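Q: Build the 3D model from these lines:
(2 chains)
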Number of protein chains: 2
Amino acid sequence: MRRSLTILASLIAIALSSSAFGQTAPLSPEASDPLVIGWMQGSPVPDDRKIEFADGGHYTFPKTRWSFSHLREFAPTRNIWRGADRPTKLRTRLDSDIDDVMFTPLGGGDPMSWAESLAVNYTDSILVLHKGRVVYERYLGVAAPEKPHISFSVTKSYFGTMAAMLAHDGKLDTSKNITEYLPELAGTAFENATVQQALDMTTGIAYSEDYTDPNAEVFKFAYSGGFLPAPQDYEGPQSYHDFLKTLKPEGQHGAAYSYESVNTEVIGWIIHRITGAPPEQMLSERIWQKIGAEQDAYIMVDSQGTGFAAGGLNTTLRDHARFGEMMRRGGRYNGRQIVPKAIIEDIRAGGDKDLFSQAGYKTLPNWSYRNQWWVSHNDHGAFSARGIHGQTIYIDPKAEMVIVRFASHPLAGNANFDPTSLPAYRAVAEHLMDK
Amino acid sequence: MRRSLTILASLIAIALSSSAFGQTAPLSPEASDPLVIGWMQGSPVPDDRKIEFADGGHYTFPKTRWSFSHLREFAPTRNIWRGADRPTKLRTRLDSDIDDVMFTPLGGGDPMSWAESLAVNYTDSILVLHKGRVVYERYLGVAAPEKPHISFSVTKSYFGTMAAMLAHDGKLDTSKNITEYLPELAGTAFENATVQQALDMTTGIAYSEDYTDPNAEVFKFAYSGGFLPAPQDYEGPQSYHDFLKTLKPEGQHGAAYSYESVNTEVIGWIIHRITGAPPEQMLSERIWQKIGAEQDAYIMVDSQGTGFAAGGLNTTLRDHARFGEMMRRGGRYNGRQIVPKAIIEDIRAGGDKDLFSQAGYKTLPNWSYRNQWWVSHNDHGAFSARGIHGQTIYIDPKAEMVIVRFASHPLAGNANFDPTSLPAYRAVAEHLMDK
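A: Numbers count the residues shown, from 1 in each chain, chains lettered A, B, ... in the order given. Predicted coordinates:
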């Protein structure tokens, strides 16, 4: 089954959230405000305010509006240490005009203000940097500056960047086959695929995301890693790595772009194999400590201690902003070169647009995907990390702007909120350039 | 069953660790060094180096020598935020003579040096403060200054202190019955027991710690909170609070001292009821942020989000040291009064020595227990927080000394390592007083 894909997580979300099927409309942003509902308040928590892992409630809208800021309370996690230095200061010069910046949603519709878009997109928190200064910062619901929030597939961009760093160090040859690093994947979908194909999502994998089929791989992926509770009778793989070994090839590697989260699990495993430690150690030592993060981050881990590379990173909004600003500045931040400039230039140059276009993303014409980053190829050179339910790090080099957002949109798939996000980002970029 | 008790955790440790039954001697400190064994190294981790929650391996010696520094990787946890300020500086003036300080173990035996005692006690890390300065600091195995370690029952002393703070605030009357705050405990062991009796471990509870009996309450306690994996056919309580409701009374409240961890779960619940938030929020706001902790701490939580008040706190050694130093100084630290002095004076005055003596602790003659603290009543006025497997915060006011230790001793119960700990602490105290 080879088609335009959203990530695993999205489909499970739909499966778990009947409202997402369109049978009933999901609660509005206002009605789903987790403070209004009062999730997990009281001791004991009343049954209708309780969120549990056992029934998948932690991944069911509108509970997600609370749980996305508290995922470590539901599952095992590994710390990503920020180091002992003081955090880099994010200087602030708030621009109160941003709330009134107007834009027209993709596909038309009435003009909308930036402030209106926040609720429409079920935003939990959002921050805009301009020339490195915080010009806008908002926390809604239960979000707070010091509280990590699930990043979902924004995680992938961190792992892709780390893989590129190892390649730049000469420790990883991305043109080599994956099995050169992970011989245990011989005979699987990944045989004869290159590391670069995994990085660019052009591997050919038989991967069913048919969520009406309880045997679909998508469920085994989530059960294997413990992101979702496995049914009592589940007898499939018990770890992300064992799950990868079950995947079969389909089609030709390199013949098409196909966004499949399992590729990033392969990247994480390769980083572990090369560095001899969980990738989160490299993330701490070479990124988190270097950018001067203000809080520790964490990643969700499976029963074998393997981090959920495709989507398990939890960080604060402000630390995503530091990472994004570092990427915007060509890798130089906090007085040091953190990511080699060549890596960022390579990402900005993008991946294969023809392959990407076959995916048919209506909101992303002329975009491409490179090293786990989404590249717009627009006249601002914008590129971004994107996660399900509205997570993003959006970098606009020409406008010298970085936008970071956490959200808990009821619908899975960026196509649901790109129309009220991408033009909003562009409008703010132009507003900032005009100042 | 009413007898001298170690904490729940201890007995499970014995049950899980066959070596602790004395059938075979546990691995020596050197042979059990987690770096030597190489736990959780590699990807995949070889089976004989793997530690998993599913089989209780995270709580089986010698795996504990690794897992006690990584418990969040096995279970859900809640963060205890350190705040945004810089950590208080721990000034250092190392005293290299401490390693050679000699002492005679309790009960006799050959004199031993402080340095020798570290291995004998399966120490993971240890730090000595004298007049607020770090005079000794060591990390062994996989311990490190920035890595939180499980505190086990040292946790209780934090919760006892918080309860005393709420009493001092006028929000809690410890002379009242527990059911005044938690009416849902009517008809249980805690009916007609006062809050103070829970704080001082003088409630009368039918609580079996017969670990040869799979129906013993001790197992249900651990299964209910998710500290240990429940057997497939387990149908008991699914949370700490629901477990508390199953307990039946035995004997008269206030008639004897009996150390039972469930009392602290009651205290945690009362704190939650009074403050309207998980107790960890108070711990962050009124202790962790005030002492200028250098790392976030965390607590293990059950499926309902309830923290394991009796033993689930994980902190760094240096932050325990700050807390201990604050207590030594009568609650004033980091330029502010954090815990009212009267609370610490009350703890130091101790509990009922006659009741305590009935427990028959051979290593603790003339001691007592007050508000979840252990009080020596010796000529130095020493008092301490004590956790299974060798965790401690030992405060010697006369010597102006605080010793904090993390350990992963194979045997459960402080009686196993008090003989090579308490006289060592005393000898270092005298050494420091002589300088």
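
Q: and the stretch 1-150 of chain A, which residues reach chain B?
A: By C-beta under 8 Å from any C-beta of the partner chain, the residues of the stretch 1-150 of chain A that approach chain B are A:40-41, A:43-45, A:50, A:52-54, A:72-79, A:81, A:84, A:86, A:146. No exception for glycine: its C-beta is placed from N, CA and C like everyone else's.

Q: Sort out which of those residues are buried, if you could.
A: Neighbour-count burial (16 or more other C-beta atoms under 10 Å in any protein chain shown) applied to those gives A:40, A:43, A:45, A:50, A:52-53, A:72-79, A:81, A:146.

Q: list the contacts for the residue in the stretch 151-300 of chain A that chain B sits nearest to?
A: Closest contact between the stretch 151-300 of chain A and chain B, by C-beta to the nearest C-beta, is at A:His272 (4.1 Å). Residues in contact with A:His272 (C-beta atoms under 8 Å, 6 or more residues apart in numbering or on different chains) are A:Pro278, A:Pro279, A:Thr306, B:Ser43.

Q: Show me where the stretch 301-435 of chain A has its strands.
A: A:313-315, A:332-333, A:336-337, A:368-370, A:373-375, A:383-387, A:391-396, A:401-407 (DSSP state E, counting those that start in this stretch).

Q: partners of the last one in the sheet?
A: Partner strands and pairing direction for strand A:401-407 (DSSP bridges) are strand A:123-130 (antiparallel), strand A:391-396 (antiparallel).

Q: Looking at the contacts of A:His272, which is nearest A:Glu180?
A: B:Ser43 (15.4 Å; C-beta to C-beta).

Q: closest to B:Trp66 out of the strands of the stretch 301-435 of chain A?
A: Nearest of the strands of the stretch 301-435 of chain A (C-beta to C-beta): strand A:313-315, 23.5 Å.

Q: how about the closest one, does it reach chain B?
A: No - Strand A:313-315 lies out of reach of chain B by C-beta under 8 Å from any C-beta, never closer than 10.2 Å.

Q: what's in contact with the strand or helix carrying A:Met282?
A: A:Met282 belongs to helix A:279-282 when assigned by DSSP states H and E. With C-beta under 8 Å, 6+ apart as the test, helix A:279-282 has contacts from A:78-80, A:159, A:162, A:165, A:268, A:271-272, A:275, A:299, A:307, A:309.

Q: switch the cut-off to 7 Å
A: A:Arg78, A:Ile80, A:Phe159, A:Met162, A:Gly268, A:Ile271, A:His272, A:Thr275, A:Ile299, A:Gly307, A:Ala309 (C-beta atoms under 7 Å, 6 or more residues apart in numbering or on different chains).

Q: Can you flag the buried ones in these?
A: A:Arg78, A:Ile80, A:Phe159, A:Met162, A:Gly268, A:Ile271, A:His272, A:Thr275, A:Ile299, A:Gly307, A:Ala309.

Q: from memory the last one sits against A:Phe159, does it?
A: What that stands for is A:Ala309. Yes - using C-beta atoms under 7 Å, A:Ala309 is in contact with A:Phe159, at 4.9 Å.

Q: so what sits against both of those two?
A: In contact with both A:Ala309 and A:Phe159: A:Thr264, A:Ile267, A:Gly268, A:Pro279, using C-beta under 7 Å, 6+ apart.

Q: In helices only, show me those residues.
A: The helices, defined by DSSP state H, take in A:Thr264, A:Ile267, A:Gly268, A:Pro279 from the shared contacts of A:Ala309 and A:Phe159.

Q: Might you report the residue contacts of the first one?
A: With contact set as C-beta under 7 Å, 6+ apart, A:Thr264 has these partners: A:Lys156, A:Phe159, A:Ala309, A:Ala310, A:Gln372.

Q: Quick check: nearest residue in space to it, chain neighbours excluded?
A: Leaving aside its chain neighbours, A:Thr264 sits nearest to A:Ala310 (4.1 Å; criterion: C-beta to C-beta, 6 or more residues apart in numbering or on different chains).
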